[in-house]
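Novice: quick one: sequence plus predicted model below, questions after.
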Amino acid sequence: MIADVWSARISRRDRCPPLPRTTEFTMTRRPERESSLSLTRRDWLFSAAVSSGVLLQANDRVWADEEGVSETPHFWYRLAPEGPYIDSQRDNKALGFGQGKVYLSEDNGQTWAHDAIFRDADKITFSCILGNGNILFATRTRLFLSTDNLSSYKEIVVEDTDGSDYRPHQPIDPENPGWYYHPLDGVHTWDVNGAEMLVWGNYCNVLGGPVPINIYYSTDHGETVKIAYSFGQSPTFQQPGAGPDDQLGNPDNPVVCRHIHCVTYNPAENAFYACTGDHDRTDADGNNHQECHWLRGTYDANNDSWEWTVLVSVNSNSRYKSGGINFVDGQLYWAADANGKNGTMPHDRGIFRCAPADLADPTKHELLFNPHYESANMIIEDDVILSAHYAPASPYATGIIYSPDLGKSWAQYDLKEFGQRSAIRFHPKNSDGWFRVDLRKGWIERGEVLFIKPKPNRIAVQTRTAVQTRTAVQAKTAVQTKTPANK
């Protein structure tokens, strides 16, 4: 694993110098219920072997411990253990799926105490564990809710802005109905005036067919899900061969986009922020459509209504083409993945901070760090900033961006052992202190699940000191070895 370490506070007027290379580190209702016993890793492996026609030999160590934990100077990391694909987590709970079932763990995925038959399990694109224990999960076009730890579940029909049922379109290609509920970010619930709200937007129109773009919300733990905002009809992302009456999106909204990158809540303002992508596009009539927007929305609980304002609309070579929105101590943080060929080069990228009121004024932004490559996912918790590279546009295989101190110092790591992977959907730490992260193949195809656990600063400092000492000794030895030959 290669580590790039760069410690600095950078003003918005400064450019980042090339990142110095350092030494290489070795881090190395459910139809029926078959059993009331918890599903362990051993059970899962046996079930997988039987279902695939593979017979496990008696000496196969199906009860073996999970893979060992690797480390960097700043954090430990590991892949999820063999078993259900862990799609979301909250405190000690984890939701997984696989083999035609959904699973619920109460010990962070070590065992799976609850499960339910769900034939479309492998088509799940979104899940969320609510504060009261409810579980909301979605396939590409349908939402489901369990209120009893998966003993049963029911379908939830989304309510449109006019109160009518919001039904997915009938796809011309039934194999590609679109991703109605799939998010790119991983934080979707917030305490809003003493009550939990669930709010998220769909990242779509990349794989799986064209689909309308919406921001969804629930104020009753998923019992009802409604549309908070519906984007307009993009001339680009429509079904091939669709007629005028089959256009996807809100016909009354001129604001169009490809998909939503992030939706986040700022408690200081009692307001939600959303940002979208992806590019500038010209339709057949020569009209230009910008897809990169920032929106600010406020929710009126008494009237169950929203008011949205578009704050910024720009081209794709801009810091506003972004994601990973976070609010900490009244300040707004975000990560930019500018990548257009329009505008001034080099690309207007980096991890930025400003007062929310100053978002539209770039002169008041502080550039905290410039990774030099596209990055549009980020989470901040307990002063740790965790972000990542967009793999197809980076020389890193699996690039992780890390700050242990809210942006005062930075490091970048390449977890090469995973191959070309993009880290997305960062979930807050579970009760054992691990962030959960999707590793997507290339950019968006499902790959693996990675867990990252920050080291206490004391341990991180000791590790860095040991590495620096080892590097110095190696360098000195190398010089001494070369000296006779140089004479």
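Specialist: All right, it came through fine.
Novice: for the stretch 51-200 of the chain, which residues score under the pLDDT cut-off?
Specialist: Low-confidence segments of the stretch 51-200 of the chain (pLDDT under 70): 51-67.
Novice: leaving out the residues flanking it, which one is nearest to Phe352?
Specialist: Of all residues not flanking Phe352 in the chain, His365 sits nearest, at 4.9 Å (Cβ to Cβ, 6 or more residues apart in numbering). In short, each C-beta sits where N, CA and C put it, glycine included.
Novice: where does pLDDT dip in the stretch 351-487 of the chain?
Specialist: For the stretch 351-487 of the chain (pLDDT under 70), the answer is 458-487.
Novice: would you map the strands across it?
Specialist: In the stretch 351-487 of the chain, the segments counted as strands under DSSP state E, counting those that start in this stretch are 366-369, 378-381, 384-388, 399-403, 410-414, 421-427, 435-441, 445-454.
Novice: ok, which of those strands comes nearest Thr298?
Specialist: Taking Cβ to Cβ, strand 378-381 is the member of the strands of the stretch 351-487 of the chain nearest to Thr298, at 22.6 Å.
Novice: how far off centre is that closest one?
Specialist: 10 Å (Cα atoms, centre = their mean, to the nearest Å).
Novice: CA atoms only: put it into CSV for me.
Specialist: C-alpha atoms of strand 378-381 as CSV (Å, rounded to 0.1, in the frame of the first residue of the first chain):
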residue,chain,number,x,y,z
MET,A,378,-17.2,12.7,2.1
ILE,A,379,-18.3,12.2,5.7
ILE,A,380,-17.2,14.1,8.8
GLU,A,381,-17.6,12.6,12.3
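Novice: want to throw the strands of the stretch 351-487 of the chain into CSV with mean neighbour count and distance to Ala113?
Specialist: Converted to CSV, the strands of the stretch 351-487 of the chain look like this (neighbours: other Cβ atoms under 10 Å; distance: least, Cβ to Cβ, whole Å):
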stretch, mean neighbour count, distance to Ala113
strand 366-369, 22, 41
strand 378-381, 20, 27
strand 384-388, 25, 29
strand 399-403, 24, 32
strand 410-414, 23, 35
strand 421-427, 25, 20
strand 435-441, 22, 19
strand 445-454, 19, 19
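Novice: let me have these in JSON lines, extended by distance to Tyr103.
Specialist: JSON lines is the format used below for the strands of the stretch 351-487 of the chain (distance: least, Cβ to Cβ, whole Å):
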{"stretch": "strand 366-369", "distance to Tyr103": "38"}
{"stretch": "strand 378-381", "distance to Tyr103": "24"}
{"stretch": "strand 384-388", "distance to Tyr103": "26"}
{"stretch": "strand 399-403", "distance to Tyr103": "28"}
{"stretch": "strand 410-414", "distance to Tyr103": "31"}
{"stretch": "strand 421-427", "distance to Tyr103": "16"}
{"stretch": "strand 435-441", "distance to Tyr103": "15"}
{"stretch": "strand 445-454", "distance to Tyr103": "13"}
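Novice: closest to Glu307 out of those?
Specialist: Glu307 sits nearest to strand 378-381 of all the strands of the stretch 351-487 of the chain, at 26.8 Å, using Cβ to Cβ.
Novice: gap between His176 and Arg142?
Specialist: I think there's a mix-up here, since residue 176 is Asn and not His. Asn176 is 15 Å from Arg142, where distance means Cβ to Cβ, to the nearest Å.
Novice: secondary structure class for the nearest residue to Pro168 once chain neighbours are set aside?
Specialist: Nearest non-adjacent residue to Pro168, counting by Cβ to Cβ, 6+ apart: Thr141, 4.2 Å away. Of the three states, Thr141 takes coil according to DSSP: H, G, I helix; E, B strand; the rest coil.
Novice: what's the distance between Thr141 and Asn250?
Specialist: From Thr141 to Asn250 the distance is 18 Å (Cβ to Cβ).
Novice: go on, Phe418?
Specialist: Distance from Phe418 to Asn250, by Cβ to Cβ: 39 Å.
Novice: I'd guessed Tyr180 sits against Lys123; true?
Specialist: No: in this structure, Tyr180 is not within contact of Lys123 by Cβ atoms under 8 Å, at 11.6 Å.
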